[in-house]
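> below is the sequence, then the predicted model.
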Number of protein chains: 2
Amino acid sequence: MGGDHGPSVTVPAAVAFAGAHPDVVMILVGQEDILRQTLQRAGATESARLVVRHASETVAMDEPPANALRYKKDSSMRVAIDMVKAAEADCCVSAGNTGALMAIARFVLKMLPGVERPAIASFLPTRRGRTVMLDLGANVNCTPQHLLQFAMMGSALLGAIDGIERPTVGLLNIGEEDIKGNDVVKEAADLLRASTLNFHGNVEGDDIYKGTTDVVVCDGFVGNVALKTSEGLAQMLGVYLREEFRRSLFTKMTALIALPIINRFKHRVDHRRYNGASLLGLKGIVVKSHGSADDFAFRFAIERAYDEARNNLLELIRQRLDPDNDALEVAAL
Amino acid sequence: MGGDHGPSVTVPAAVAFAGAHPDVVMILVGQEDILRQTLQRAGATESARLVVRHASETVAMDEPPANALRYKKDSSMRVAIDMVKAAEADCCVSAGNTGALMAIARFVLKMLPGVERPAIASFLPTRRGRTVMLDLGANVNCTPQHLLQFAMMGSALLGAIDGIERPTVGLLNIGEEDIKGNDVVKEAADLLRASTLNFHGNVEGDDIYKGTTDVVVCDGFVGNVALKTSEGLAQMLGVYLREEFRRSLFTKMTALIALPIINRFKHRVDHRRYNGASLLGLKGIVVKSHGSADDFAFRFAIERAYDEARNNLLELIRQRLDPDNDALEVAAL
């Protein structure tokens, strides 16, 4: 029921995804009357592969997570995560309140052994392909051990999604000559160097979009700022470009001619294709869609969860974080 | 002598700036033979307004700042800052090694009373104009008091450069519902609220380019990552756009037609016009140009230093940070 647009976005996306993946059963969790109406409007009907599961409550986008956790035991979010816990669902996708989703998921599913903190991970487009960045906002204060665990989880995620056996890992840092990062980052670098991960070393902000490494690790404060700053810059550049092409009759005609080029460009940098942030470290697969996602974007979030479930992400993380396992061997499984 | 291109960039920029500002005396500090040759190549000669001051040493771009500070007593950087200290120059502009510049400036000039840490501040383009952001990398570990001082210095900078009397101040934070930033940021918000500054409240990464506030304050780690991430994203989008316009004969012809539009767009987002980061909090005006600046960009760094000197930035900062002064009155001076 979540997100800025609710079922009008999530239901059509689920219907389309089920249509494209005959092996999938979609369980739509929320207020059943609304879900059935929306299904109908999407030209679909309830079936064995499009199941409606009633949940009487909803978590508001601005609701305090503690509130949602304590009082909304029959929210769509809670019911969906309970189903993952009970193995009635392989994964959960939500466009709702991030803090509430994280709090409920952590409370219900619990953490994987060896993971102290969950992390939010997302793919970002780069000049060389794409990069996984984490944490994007779950933890504001991280220890070096947390950053090491994030690196392991990010590596496992790339193993599961892109099949990369030994993803390179970069530790986000700053480049001033006299001050190579704070103490946490320095210690994290030592831990990463001593680990079996494919540690590239420190990277700077511009390395994210250069695609210098497959994984970029940072604390949630820095990661969230970097991500939001990117969103703001991309929006500003988009507005500027549009304004220039709308300035006069001549520029509008040029825009028409340039349309195929602009569309190709827009397709390449379309953030909707990167929608879907993984809540990593939990004993269950939970993917958070951007709240403002449309149905095109929401499908990518479903696809992320589907790929994680299909490729056994939890087992990959478990093995990487098991001290008796050699990460090298695990990655090659 | 500094920067990636040395005097071949800085000297022509200085000559052009002197030409446009009859009230200015430019002192070119560095190896005199090279400077004289470069002056000649730029079609200028030494004069009362284009003075050459010999310095026998240079600080390498990758030299450890401690090394530069201790052993390079006759570097161009050191001589220039010594001249500011001796009031033989009103300000210093360098495209050299940032860490060394900061270390030497701090050692020679010392801090203004009430400022515990210097900060690096820069203007960034926004949808509504421009914003001053600091710190961009001088300090990785900041206390709430440091952030408050940065806010005061940033406000003073806008007063000096743009004549804004009561600039709005935003504190960079993250938006996750359950974790509104770390303890330092929370305490800094309390200090800012209690100050006489025009405190807007917390802002998120995307607010930087939205232009939500005139000043954005953060610690140097976060600020540096945000800035470098922006550089990386802008470069990637530029590469993508170029690639799409060069894809075929048709797209190349379209590019020719669209050239005036693209040029206007490029002009609006031209980072060279924002070149020049102010080293704030010192008893002297020091501006750092991007190392890779061309002479067009370097002129903007000179202009920044010129405006700061002309509009008495140091006095504005001093007054704002003097506990006996009311910041409101100071801003209105």
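Right, received. Where do you want to start?

> remind me, longest helix of chain A?
As assigned by DSSP state H, the longest helix anywhere in chain A is helix A:220-245.

> quick check: mean pLDDT of that one?
Mean pLDDT, helix A:220-245: 91.

> tell me, how many residues neighbour the nearest residue to residue A:128 once chain neighbours are set aside?
For residue A:128, ignoring the flanking residues on the chain, the nearest one in space by CB to CB, 6 or more residues apart in numbering or on different chains is residue A:211 at 3.3 Å. Every C-beta, even on glycine, is put in place using the N, C-alpha and C of the backbone. The local packing of residue A:211 (other CB atoms under 10 Å in any protein chain shown) involves 19 other residues.

> show me the contacts for residue A:211.
Counting by CB atoms under 8 Å, 6 or more residues apart in numbering or on different chains, residue A:211 touches A:126, A:127, A:128, A:129, A:130, A:131.

> any chance of JSON lines for these, columns secondary structure, distance to residue B:122 and pLDDT?
Listed next are the contacts of residue A:211 as JSON lines, based on DSSP: H, G, I helix; E, B strand; the rest coil; distance: CB to CB, whole Å; pLDDT from 0 to 100:
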{"residue": "A:126", "secondary structure": "strand", "distance to residue B:122": "25", "pLDDT": "93"}
{"residue": "A:127", "secondary structure": "coil", "distance to residue B:122": "24", "pLDDT": "91"}
{"residue": "A:128", "secondary structure": "coil", "distance to residue B:122": "28", "pLDDT": "90"}
{"residue": "A:129", "secondary structure": "strand", "distance to residue B:122": "31", "pLDDT": "91"}
{"residue": "A:130", "secondary structure": "strand", "distance to residue B:122": "29", "pLDDT": "93"}
{"residue": "A:131", "secondary structure": "strand", "distance to residue B:122": "26", "pLDDT": "96"}
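
> could you break chain A into its assigned domains?
A:7-109, A:119-272+A:317-331 (automatic domain parsing).

> out of these, which gets the lowest mean score?
domain A:119-272+A:317-331 (a mean of 88).

> now do the helix or strand hosting residue A:77: everything it contacts.
In the assignment (DSSP states H and E), residue A:77 maps to helix A:76-85. With CB under 8 Å, 6+ apart as the test, helix A:76-85 has contacts from A:1-2, A:27, A:29-31, A:53, A:55, A:57-59, A:68, A:72, A:89-92, A:94, A:96-97, A:100-101, A:104-105, A:108-109, A:284-286.

> give me the buried subset of these.
With neighbours counted by 16 or more other CB atoms under 10 Å in any protein chain shown, the contacts of helix A:76-85 contain buried members at A:1-2, A:27, A:29-31, A:53, A:55, A:57-59, A:68, A:72, A:89-92, A:94, A:96-97, A:100-101, A:104-105, A:108-109, A:284-286.

> picking that back up, quick one, which of the contacts of residue A:211 are buried?
By neighbour count, with 16+ other CB under 10 Å, the contacts of residue A:211 hold A:126, A:130, A:131 as buried.

> so what's the last one up against?
Yep, that's residue A:131 we're talking about. A:123, A:124, A:208, A:211, A:213, A:214, A:215, A:216.

> apply 6 Å and report the result again.
Counting by CB atoms under 6 Å, 6 or more residues apart in numbering or on different chains, residue A:131 makes contact with A:124, A:211, A:216.

> got it, and residue A:208?
So, once contact is read as CB under 6 Å, 6+ apart, residue A:208 ends up touching A:216, B:229, B:232.

> top of the residues you listed by neighbour count?
residue A:216 (29 neighbours).

> can you give me the end-to-end span of stretch A:173-189?
10 Å (CA to CA, to the nearest Å).

> can you pull out the residues in contact with that stretch?
With CB under 6 Å, 6+ apart, stretch A:173-189 has contacts from A:144, A:147, A:171, A:202, A:204, B:65, B:99, B:137, B:140, B:141, B:221, B:224.

> what about the strands in chain A?
A:26-30, A:50-54, A:91-94, A:119-126, A:129-134, A:168-172, A:198-203, A:215-217, A:277-280, A:285-288 (DSSP state E).

> what sits against residue A:277?
A:120, A:122, A:288.

> what pLDDT does the last one get?
In this model, residue A:288 is scored at 96, pLDDT.
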